[in-house]
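> when you get a sec, could you give me coordinates for this:
(2 chains)
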Amino acid sequence: MSNQITRRGFISAAAASATTIALAACGSAAPGGDAAAEYTLVEEGKLIVASDLDFPPLDSFEDGEAKGFDVDLSKEIGERLGLEVEYLPPTNFDAIIPMIKQGGKADIGNSAFSITEERKAEIDFTEAYLDSNLGIAVKSDSDAKDEEALNDAAKKIAVQSGTTGEAYAKENMSAATIVPLTTVTECMAGLSTGHYDAVCADLPVVGNMCTVSFTDCEVAVEIPTGEQYGIVVSKDNPGLTAAINEALADMEADGTMAELKEKWFGTTD
Amino acid sequence: MRNNRRDKSKGLLSALAMLMLACALLVPTTALALTTNKATARPNEDGGSGVIGGLDTRLTWEGTVEAGEEVSAVTLTLPDDGTFDDSSTKITVLEGLSRASVEGEAVASGSKLEVTFSEPITEGYLLRLEVEGMRFPSEGGDVVVGGTYVNQDGEQQLADSKPIATIANTPLQALVASLDEAAWVQVWNSNPFLGMFFKPQLLVTAFATLVPGWLLCLLIVVIAYPFAIVLGLIFALMKISKNRLLRLIAIVYVNVLRGTPLFLQIYIMFFGLPMMNINIDNNVLGVIVIAINASAYLAEIFRAGIQSIPQGQYEAASSLGMNYFQTMFDIILPQTIRRVIPTVTSDFITSYKDTSLLSSVGVMELMMFAKNLTSVSGNMTPYVAAAIFYLIVTLPLIKAVGYVEERIAHSERGGGPRPKGKTAKTSAAEAGVKLSELAVHAEALDDEHAYAPTLTPSFASEV
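This is a model prediction of the structure:
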């Protein structure tokens, strides 16, 4: 119906056939198409992932282990590329892109990165793997529950540094003081304790936090931005981007992606 | 795919909600098939919040398709000097919060941007255009985005957006632009290390924009420190007091504060106090945390300083008939202060640097501004600029500590300064102080003599 779907369909078909051929040709050897041979890794046989691991249900760090939709996605990609997936300890969100750009520490950044032109100038994105939107959370008993009321010099809006939520707040609520913090949890904790008047961040995450951890807060505004998450890869490593794109297309085609969405979001939408 | 979605009642509901939102939000012209929800621009002032004309920025335009309408193309127009040339447009069509698979093509020509869709957008859909790399008129001012759209009845006029406030170029931005062009800057930045940590354009921007954060850091520590000194002194005296309870309180206070990270103390104060319904301004709270934390370290410094004064001083004082307070404030503490000045200065430096931790709880200090700029630019240079701001204060202090330490060592060896005979008083207190210094003090106050070690006691002329 649309170019995008067609393209995706084409890629998955191509990838599927490539995989079949590769598998048929070399039996149990590492899967992947032509691109697989051409990427470089920080450590051989390992896919090292950087994430802030503080973005439930997408990324979180529980009992010393990385968990979440993105984490499962990384593991699945690793499996399909024949690589062992290793997560770095939680990394500040705004440090991940410079880290990937500089190289040497991690191969990919997978931390719910919305694909934006600005980021594309620094690094490469894989194809989008998930749709998202923004949301504004406020204290349930607050009387400023929309953008207009929050766009006021007396209001403080907490955002995670380097996110699309931060960019949105700066662009649309420029009168308010925008407070950039390291993690969304810090934003929400500050909101809950009354330091800030609102938190602007990715909708799935603020939604999750308002229902799970900060029940005295609520999502007051859902902002349809239609942004999409992609995985961050260095511009020097186009082979890896291509290999991950193949894996993603594969996962879309064989239903793994739908399974993951069902597992973490309870819906395949 | 889209038709399936439309059948769902959920989809209809959210579409209805969007419609109502659109109507409520904006422009009174409800007869339009495509209502303009909003037009906003990303601030492109480095480290600031202004939208500067004549420089690349991103325009976000949103409109909603009204009931019974189909829109197949949209043209956005800027005032004459604005341009869409060389821009790239991201087209997003949404039904409620779900992306619809409508593709489109955007063609820019001067101040016009024509967007045509692969298929008409139907009612309830939200159209979102993000035009990256467009420029507003360079003279600044309020800019209204207008345009036209094409529906089933032909071309229609689009309602004007609310004005977007833009400004003319700033001197700083002009400087940055000139650096962008300079050949040496390009060579410099082509080195990955220099480009990542010492990008000239960002250094300039960072120096200009970090100043408020730097001043706040200084303000916090300068206000906090006198409180810390008083508190520290009180706890030092408590810790060496003969009263067990006072000693216990001081020991607990000092050990808990010295034994836990400042970061944790900040968290407890910033998140704990509001939960007990104690709401204090963030900056004031920052001052309090820094003062309390520093006081624990100072208490230990003062205690060690007091205890380093020889027992003979106490005995001499009591032989002159002084009570505890007289002994402390006239004899012991003046000597202590001299001895602890270097350590206290080091601790001041530590406290000053520690204000950086306050950025994690939203105090708009130096690190916060640097972090902000780094997150926007993806470059580490703002942190280097912040480091320079810290060093501006700490380096002279470190130098001063070194100098004072040298002077003290010198005087303890017997070469230090001492008052001239005519200015010296012969009060009991003064005499008490002098007792300890007899052996070590030289006569000269003048610089020429200060470094000429002499072991000649000047007892006779003093007393």
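> count of neighbours near B:I268?
Close neighbours of B:I268, defined as other C-beta atoms under 10 Å in any protein chain shown, add up to 12. Where C-beta positions appear, they are placed from N, C-alpha and C, glycine not excepted.
> wait, I meant A:D59
By other C-beta under 10 Å, neighbour count at A:D59 equals 25.
> what's it in contact with, if anything?
Residues near A:D59 by C-beta atoms under 8 Å, 6 or more residues apart in numbering or on different chains: A:51-53, A:66-71, A:110-112.
> repeat that for B:L113.
So B:L113 contacts B:75-77, B:84, B:87, B:89, B:106-107, B:129, B:131, B:134, B:147 (C-beta under 8 Å, 6+ apart).
> in CSV, list the residues you listed along with secondary structure, pLDDT and distance to A:A201.
As requested, those are exported to CSV (DSSP: H, G, I helix; E, B strand; the rest coil; pLDDT from 0 to 100; distance: C-beta to C-beta, whole Å):
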residue, secondary structure, pLDDT, distance to A:A201
B:T75, strand, 93, 34
B:L76, strand, 93, 29
B:T77, strand, 92, 34
B:F84, coil, 93, 30
B:S87, coil, 91, 27
B:T89, strand, 92, 25
B:A106, strand, 92, 29
B:V107, strand, 92, 35
B:L129, strand, 93, 23
B:V131, strand, 93, 24
B:M134, strand, 92, 27
B:G147, strand, 91, 32
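> sec struct for the residue in the stretch 301-450 of chain B that chain A sits nearest to, please.
The nearest approach of the stretch 301-450 of chain B to chain A comes at B:S375, 3.5 Å away (C-beta to the nearest C-beta). What DSSP: H, G, I helix; E, B strand; the rest coil gives for B:S375 is helix.
> again, but for A:D131
A:D131 ends up strand, using three-state DSSP.
> hmm, the longest helix seen in chain B touching chain A?
Criterion DSSP state H: the longest helix present in chain B is helix B:200-239. No: shown here: helix B:200-239 not in contact with chain A (C-beta under 8 Å from any C-beta of the partner chain), separated by at least 12.0 Å.
> could you verify that A:A112 is part of a strand?
Yes: remark: A:A112 belongs to a strand, assigned using three-state DSSP.
> list the contacts of the closest residue to it other than its chain neighbours.
Of all residues not flanking A:A112 in the chain, A:L58 sits nearest, at 4.6 Å (C-beta to C-beta, 6 or more residues apart in numbering or on different chains). By C-beta under 8 Å, 6+ apart, A:L58 lies in contact with A:68-70, A:111-112, A:202, A:204-205, A:229, A:264.
> check these and tell me the two furthest apart.
Farthest-apart pair in these is A:S111 and A:W264; separation 14.8 Å (C-beta to C-beta).
> OK, contacts around the residue nearest to B:A41 when sequence neighbours are not counted?
With sequence-adjacent residues excluded and distances taken as C-beta to C-beta, 6+ apart, B:A41 is closest to B:V51, at 4.5 Å. Taking C-beta under 8 Å, 6+ apart, we find B:V51 in contact with B:41-45, B:57, B:136, B:164-167.
> tell me the least confident of the residues you listed?
Among the contacts of B:V51, B:E45 has the lowest pLDDT, at 83.
> relative to chain A, how far out is that one?
Separation of B:E45 from chain A (C-beta to the nearest C-beta, to the nearest Å): 11 Å.
> quick one: that residue and B:Q173 touch, right?
Yes: between B:E45 and B:Q173 a contact is recorded at 6.6 Å, counting by C-beta atoms under 8 Å.
> who's more crowded, these two?
B:Q173 (22 against 18).
> so which strand or helix has that one?
Element membership of B:Q173 [criterion: DSSP states H and E] is helix B:171-181.
> mind saving the C-alpha coords of that helix as PDB?
Taking Å, rounded to 0.1, in the frame of the first residue of the first chain, the C-alpha atoms of helix B:171-181 are listed here in PDB:
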ATOM      1  CA  PRO B 171      26.900  38.900  17.500                       C
ATOM      2  CA  LEU B 172      27.800  35.600  19.100                       C
ATOM      3  CA  GLN B 173      26.100  33.600  16.400                       C
ATOM      4  CA  ALA B 174      27.800  35.800  13.800                       C
ATOM      5  CA  LEU B 175      31.200  34.900  15.400                       C
ATOM      6  CA  VAL B 176      30.300  31.300  15.400                       C
ATOM      7  CA  ALA B 177      29.300  31.500  11.800                       C
ATOM      8  CA  SER B 178      32.600  33.200  10.900                       C
ATOM      9  CA  LEU B 179      34.400  30.400  12.700                       C
ATOM     10  CA  ASP B 180      32.400  27.900  10.700                       C
ATOM     11  CA  GLU B 181      33.900  29.400   7.600                       C
END
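> contacting residues around it?
Taking C-beta under 8 Å, 6+ apart as the rule, helix B:171-181 contacts B:45-46, B:52, B:55, B:169, B:185, B:200-201, B:204-205, B:208.
> where's the dip in pLDDT among the residues you listed?
Lowest in pLDDT among the contacts of helix B:171-181 is B:D46, which has 75.
> quick revisit: tell me the buried residues in the helix holding B:Q173?
B:172-173, B:176, B:179 (16 or more other C-beta atoms under 10 Å in any protein chain shown).
> same question for stretch B:137-150.
Residues of stretch B:137-150 classed as buried: B:137, B:140, B:143, B:145-150 (neighbour count, 16+ other C-beta under 10 Å).
> quick check: the farthest pair among these?
For those, and using C-beta to C-beta, no pair is farther apart than B:G140 and B:V150, which are 32.0 Å apart.
> show me where the stretch 51-200 of chain B has its strands.
Along the stretch 51-200 of chain B, counting by DSSP state E, counting those that start in this stretch, strands occupy B:56-65, B:70-77, B:88-95, B:98-100, B:104-109, B:112-122, B:126-135, B:141-143, B:146-151, B:154-157, B:164-166.
> verify the contact between B:S138 and B:A168 for me.
Yes: with contact defined as C-beta under 8 Å, B:S138 counts as touching B:A168 (6.7 Å).
> A:S111 and A:W264: which is more packed in?
Legend: neighbour count by other C-beta under 10 Å for A:S111 and A:W264, higher for A:S111 (25 against 21).
> distance-wise, check the closest residue to that one other than its chain neighbours relative to A:A106.
What sits nearest to A:S111 in space, not counting adjacent residues and going by C-beta to C-beta, 6+ apart, is A:S51, at 3.9 Å. From A:S51 across to A:A106, the span is 9 Å (C-beta to C-beta, to the nearest Å).
> for the nearest residue to B:M134 once chain neighbours are set aside, grab phi and psi.
Sequence neighbours aside, B:S87 is the residue nearest to B:M134 in space, at 4.3 Å (criterion: C-beta to C-beta, 6+ apart). Torsion angles at B:S87 (phi, psi; degrees, to the nearest 10) stand at phi -90, psi 160.
> B:S87 contacts B:S109, doesn't it?
No: counting by C-beta under 8 Å, B:S87 sits too far from B:S109 to count as a contact (10.8 Å).
> for those two, indicate the residue with more neighbours.
For B:S87 versus B:S109, neighbours defined as other C-beta under 10 Å are more numerous around B:S87 (20 against 10).
> who touches that one in this structure?
Counting by C-beta under 8 Å, 6+ apart, B:S87 has contacts B:108, B:113, B:131-134.
> quick revisit: same list as before, the contacts of B:L113 that is, but in a markdown table and with distance to A:E218 included.
Below are the contacts of B:L113 laid out as a markdown table (distance: C-beta to C-beta, whole Å):
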| residue | distance to A:E218 |
| --- | --- |
| B:T75 | 39 |
| B:L76 | 35 |
| B:T77 | 40 |
| B:F84 | 39 |
| B:S87 | 37 |
| B:T89 | 34 |
| B:A106 | 37 |
| B:V107 | 43 |
| B:L129 | 30 |
| B:V131 | 33 |
| B:M134 | 36 |
| B:G147 | 37 |
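> most surrounded residue in these?
B:L76 (28 neighbours).
> quick check: end-to-end length of stretch B:57-74?
End-to-end distance for stretch B:57-74, by C-alpha to C-alpha, to the nearest Å: 20 Å.
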